[in-house]
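J.: When you get a sec, could you give me coordinates for this:
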Amino acid sequence: MKDKIVLAFSGGLDTSVAIRWLQEHYGADVVTVTANLGGGVDLTGVKDKALAVGAINAHVKDLREEFVNDYVFPALKANAMYEGVYPLCTALGRPLIAKLMVDVAHHEGATTIAHGCTAKGNDQVRLDVSARALDPSLQVIAPARDWDMTDRAVEIEYAKKHSIPIPVSLEKPFSIDENLWGRSIEGGILENLSNEPPEEAYAWTKSPNDAPANASYITLRFEKGRPVAINGDPMKGVDLVDQLNVMAGNHGVGRIDHVENRLVGIKSREIYEAPAAIVLMEAHKALEGITLAKDQHRFKEHVSQVYSDLVYNGQWYSAMRQDLEAYVTSSQRHVTGSVRIKLHRGRAVVVGREAAQSLYRQDLSTYGEDDAFEHDAAEGFIKLWGLPLVTQAEVQPHNED
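T.: Numbers count the residues shown, from 1 in each chain. Sure, this is the predicted structure:
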């Protein structure tokens, strides 16, 4: 009986070629797994294609609800934005794909899993580390790291030689990955940092120049940090994100052009489209701004940075990320309320927020006649606050030299 290898299969050139390559080099049967993480990716016929190429079995699973509830929304509660810019759309999907691969490997009795990632990317790390964290006994193979096919043209020739049904065009201007949380675009002319991303790189967002002249206003409702409604209409997570992608994308919101620091040590220019992610992040931060105390808010910013690095670096299943998750969950217990957002020509601007447990008190902040602030307390407060500085200045006079 042959060994089995479970291959993460997208249906593209790399993973189609990988089925035959794995059979040739390992003498094993190949079982494919394909995860539906949303984003409008067309998976029609992907199972039949895997079987036609040579897989003995092909699993296709809809993981959109699990992705949103167990990966996307926890990251949203953490305000997870790598380097303050990237909402981690691809990075969040990889640990779930790894989990599916491990589950299928157990179901199929396989001891090895494989994926189509290259040696220069972050995704190889995310998939390898996530899978091994879930089951350290599994072996991981990455054909694109090992084979001697140097470019797309060589892969196409290999496919023709072995009668692998794939599109034969060499035209592939960009490398694209997408799920419902965002769309990642890289390669081609984008590798020259002086080139402005062409409109053809974008699919979810209108150019701000072509967006409606009139702004749209939407109100987002959160319960304990989780978005639950748009304009008063309760929604499940997948539907809410999908609708926001359309609404915000129509106004040109969600375009990101970022040169980021990859885990493997190189800088890479990445173009992202993430309309829903950008809007929800802005709204969530605004709601935290009125429901978290100053020290909570400042510490949460630090947690967000560490959390983002862990996700980006493939450590979703680490104990550290789980520990931070406990803090994030605790921090959200009063983050319930509504935020009003203005969408207009590429921008999402918070224009209103309210929460039953808001720490903002108008009677304390107003300069009007309803002012309840104790002005007489200010002088004594200032004396005590400045006492260490005054004491030091008296004993150790300030001297720039």
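
J.: can you give me the helices in this protein?
T.: 13-26, 46-53, 64-67, 73-77, 89-108, 123-134, 143-146, 152-161, 237-249, 275-291, 294-312, 319-331, 362-365, 377-395 (DSSP state H).

J.: Report the rounded mean pLDDT for stretch 57-66.
T.: The average pLDDT for stretch 57-66 rounds to 97.

J.: For it, buried residues please.
T.: Of all the residues in stretch 57-66, those buried under the rule 16 or more other Cβ atoms under 10 Å are 57-59, 63-64, 66. C-beta here means a position set from N, CA and C on the backbone, and glycine is covered the same way.

J.: Please produce JSON lines containing these, extended by distance to residue 116.
T.: Compiled in JSON lines, the buried residues of stretch 57-66 are given as follows (distance: Cβ to Cβ, whole Å):
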{"residue": "57", "distance to residue 116": "18"}
{"residue": "58", "distance to residue 116": "15"}
{"residue": "59", "distance to residue 116": "16"}
{"residue": "63", "distance to residue 116": "18"}
{"residue": "64", "distance to residue 116": "22"}
{"residue": "66", "distance to residue 116": "22"}
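
J.: any low-confidence regions in the stretch 151-300 of the chain?
T.: For the stretch 151-300 of the chain, the stretches with pLDDT under 70 are 167-172.

J.: What's the separation between residue 317 and residue 59?
T.: 21 Å (Cβ to Cβ, to the nearest Å).

J.: scratch that, residue 95
T.: For residue 95 relative to residue 59 (Cβ to Cβ), the value is 18 Å.

J.: Let's have the helices of the chain in a markdown table, adding distance to residue 182.
T.: Shown next, in a markdown table, are the helices of the chain (distance: least, Cβ to Cβ, whole Å):
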| stretch | distance to residue 182 |
| --- | --- |
| helix 13-26 | 21 |
| helix 46-53 | 21 |
| helix 64-67 | 12 |
| helix 73-77 | 11 |
| helix 89-108 | 3 |
| helix 123-134 | 14 |
| helix 143-146 | 23 |
| helix 152-161 | 25 |
| helix 237-249 | 9 |
| helix 275-291 | 6 |
| helix 294-312 | 13 |
| helix 319-331 | 20 |
| helix 362-365 | 37 |
| helix 377-395 | 45 |
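
J.: Please identify which of those is closest to residue 199.
T.: Proximity to residue 199, assessed across the helices of the chain by Cβ to Cβ, is greatest for helix 237-249 (13.4 Å).

J.: relative to helix 275-291, how tilted is that closest one?
T.: 100 degrees (axes from the mean of the first three to the mean of the last three Cα atoms, to 10 degrees).

J.: chain center to helix 237-249, what's the gap?
T.: Offset of helix 237-249 from its chain centre (Cα atoms, centre = their mean, to the nearest Å): 15 Å.

J.: For the remainder of this discussion, apply numbering that starts at 752.
T.: All set: I'll call the first residue 752, so the last point we hit is now helix 988-1000.

J.: Which positions in it come out as buried?
T.: In helix 988-1000, counting by 16+ other Cβ under 10 Å, buried: 988-989, 991-996, 998-1000.

J.: tell me what that helix is packed against?
T.: If contacts are counted by 3 or more Cβ pairs under 8 Å, 6 or more residues apart in numbering; DSSP states H and E, helix 988-1000 sits against helix 815-818, strand 977-981, helix 1026-1042.

J.: What residues does residue 957 make contact with?
T.: Counting by Cβ atoms under 8 Å, 6 or more residues apart in numbering, residue 957 touches 1000-1003.

J.: Closest one of those to residue 1110?
T.: Of all the contacts of residue 957, the one with the least separation from residue 1110 (Cβ to Cβ) is residue 1002, at 31.1 Å.

J.: What sits closest to that closest one if chain neighbours are left out?
T.: In space, and not counting its chain neighbours, residue 1002 is closest to residue 1094: 4.1 Å by Cβ to Cβ, 6 or more residues apart in numbering.

J.: How many neighbouring residues does that neighbour have?
T.: 24 (other Cβ atoms under 10 Å).

J.: which residues does it contact?
T.: 966-969, 998-999, 1002, 1004, 1030.

J.: so which two of the buried residues of stretch 808-817 are the farthest from each other?
T.: Most distant of these, by Cβ to Cβ, are 808 and 815, 22.5 Å apart.
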